[in-house]
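Enquirer: Just to be clear, the model below is a prediction. Sequence and coordinates:
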Number of protein chains: 2
Amino acid sequence: MGRDSYDEQLDRLTGVLATMSRGASAAIRGASVALLDVDRGAAEAVLVGDAVLDGQRADVEALIPQVLVRHQPVASDLRLVLCALRIASDLERMGDLAVHVAKIVLMRHPVGVVPEPAVPLMTAMADAAARIADKTAVVLATRDRLDAMQLGLDDDEVDAAQERLLSMLVSAWPYGVESAIDLALVGRYYERYADHAVNVARQVVYLVTGTIRL
Amino acid sequence: MGRDSYDEQLDRLTGVLATMSRGASAAIRGASVALLDVDRGAAEAVLVGDAVLDGQRADVEALIPQVLVRHQPVASDLRLVLCALRIASDLERMGDLAVHVAKIVLMRHPVGVVPEPAVPLMTAMADAAARIADKTAVVLATRDRLDAMQLGLDDDEVDAAQERLLSMLVSAWPYGVESAIDLALVGRYYERYADHAVNVARQVVYLVTGTIRL
């Protein structure tokens, strides 16, 4: 690996990030299946997949000093290498948040975490998070600024769903405090998942434009 | 700035991290005062202080490419520079989490967020978080591995307090679902604050030893 050319190392770096992005996407989808279908196997698979994401982040972190020392990149190449660190960190964290959702499912199993009245909202949140995950993968591949901005809209949708969820929980929630806390935390995990996806997109925009606003 | 010597740039980098660490410490202390004394001014000060932390993180991120390009550090110096990125990110995030606590206080003001029975636990959590914040500053200054490991113990205390808080909320909580969700989220923010502090310590240990276990 240490003897790879610069382009090979950069390709390897972006390749690992693309793989991590697919892993983070699979993680939240799996967590949503676990949550909405009360599916223990799906929850356990999220935990297994997370170890893979952790390893890939470590790969990125091992690769970056090598690239820096061997090839001393400057300007946009240096930006790419430093952004890769943050992107890997965000993607790994997205996996962690999917794990948090999966763990709540496992903790309550065989009882479901989402009572009937909350199903539509949680489904909307899960769908928006899955869309965000897919767009993150697209943005990483295309580095398209408009794709990246699109992602912000889905993030707004997740935030709005979390607001509505909290309103529902505090207005008249007949399923008890434990259930309300579980759902508030689950909503929070989806919200943070989406935030990290937006961070990834922000880094990509920074790569392309040199400015960080989205 | 660009004309500084290597040592001057490294000193500047570690200086900003030390300042950020004090800022993150002030943030959680302020948030705890806001929370436990129902102090609106303290909450607002946390929001103001957070903008400073954000700016300092941006300083670190601007400084690092300069150091890399000008001085092409290798081995432990390169480790230091790359770790600084992660440490700045963790410290900034610690500020964000203090802001989340402060915002819940502002949202409910003049009503307090912590009903009487939860005061001892929240006080314990706030104290442990403040101790963690201080030790993070010490670890950054001394780079002492034992200091860093100490920090893990305080983190365990925060986690245990959060567990006890959740148990209290779900067993018999006469203050309603909204109050329970507020406290569960506040506890979660303290927990995450402590996690990020442990991450900082982990990075410091990595700097010293080259291995990341704590």
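Expert: Perfect, I can see it now.
Enquirer: residues from chain A in reach of chain B?
Expert: Counting by Cβ under 8 Å from any Cβ of the partner chain, the positions of chain A adjacent to chain B are A:64-65, A:68-69, A:72, A:74, A:78-79, A:82, A:85-86, A:89, A:166, A:169-170, A:173, A:176-178, A:180-181, A:184-185, A:188. For the C-beta atoms, the positions are set from N, CA and C on the backbone; glycine is no exception.
Enquirer: Which among those residues count as buried?
Expert: A:64-65, A:68, A:78-79, A:82, A:85-86, A:89, A:166, A:169-170, A:173, A:177-178, A:180-181, A:184-185, A:188 (16 or more other Cβ atoms under 10 Å in any protein chain shown).
Enquirer: what sits up against stretch A:116-132?
Expert: A:25, A:28-29, A:32, A:35-36, A:114, A:151, A:154-155, A:157-158, A:161-162, A:164-165, A:168, A:183, A:186-187, A:190, A:193-194, A:197-198 (Cβ atoms under 8 Å, 6 or more residues apart in numbering or on different chains).
Enquirer: let's see 6 Å
Expert: The list of residues contacting stretch A:116-132 from outside it, by Cβ atoms under 6 Å, 6 or more residues apart in numbering or on different chains, reads A:28-29, A:32, A:114, A:151, A:154, A:157-158, A:161, A:164-165, A:190, A:193-194, A:197.
Enquirer: could I have it exported to CSV, CA atoms only?
Expert: Only the C-alpha atoms of stretch A:116-132 are listed here, as CSV (Å, rounded to 0.1, in the frame of the first residue of the first chain):
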residue,chain,number,x,y,z
GLU,A,116,-49.4,2.7,16.2
PRO,A,117,-50.1,6.5,16.3
ALA,A,118,-46.4,7.2,15.8
VAL,A,119,-45.9,4.9,12.9
PRO,A,120,-46.6,7.4,10.1
LEU,A,121,-44.2,10.0,11.6
MET,A,122,-41.4,7.5,12.3
THR,A,123,-41.9,6.1,8.8
ALA,A,124,-41.5,9.5,7.3
MET,A,125,-38.4,10.1,9.4
ALA,A,126,-36.9,6.8,8.4
ASP,A,127,-37.7,7.4,4.7
ALA,A,128,-36.1,10.9,4.8
ALA,A,129,-33.0,9.5,6.5
ALA,A,130,-32.7,6.8,3.9
ARG,A,131,-33.0,9.4,1.1
ILE,A,132,-30.3,11.5,2.8
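Enquirer: any idea of the mean pLDDT in that stretch?
Expert: Per-residue pLDDT values across stretch A:116-132 average out to 96.
Enquirer: What are the buried residues along it?
Expert: Buried residues in stretch A:116-132 (16+ other Cβ under 10 Å): A:Ala118, A:Leu121, A:Met122, A:Ala124, A:Met125, A:Ala126, A:Asp127, A:Ala128, A:Ala129, A:Ala130, A:Arg131, A:Ile132.
Enquirer: Could you say which helix or strand holds A:Gly23?
Expert: Assigning secondary structure by DSSP states H and E places A:Gly23 in helix A:6-37.
Enquirer: which residues does the most centrally placed residue in chain A contact?
Expert: For chain A, the residue lying nearest the average C-alpha position, counting by Cα atoms, centre = their mean, turns out to be A:Met94 (3.2 Å). A:Met94 makes contact with A:Ala24, A:Tyr193, A:His196, according to Cβ under 6 Å, 6+ apart.
Enquirer: One more pass at 8 Å, please.
Expert: Going by Cβ under 8 Å, 6+ apart, A:Met94 touches A:Ala24, A:Ala27, A:Ile28, A:Ala133, A:Tyr193, A:His196, A:Ala197.
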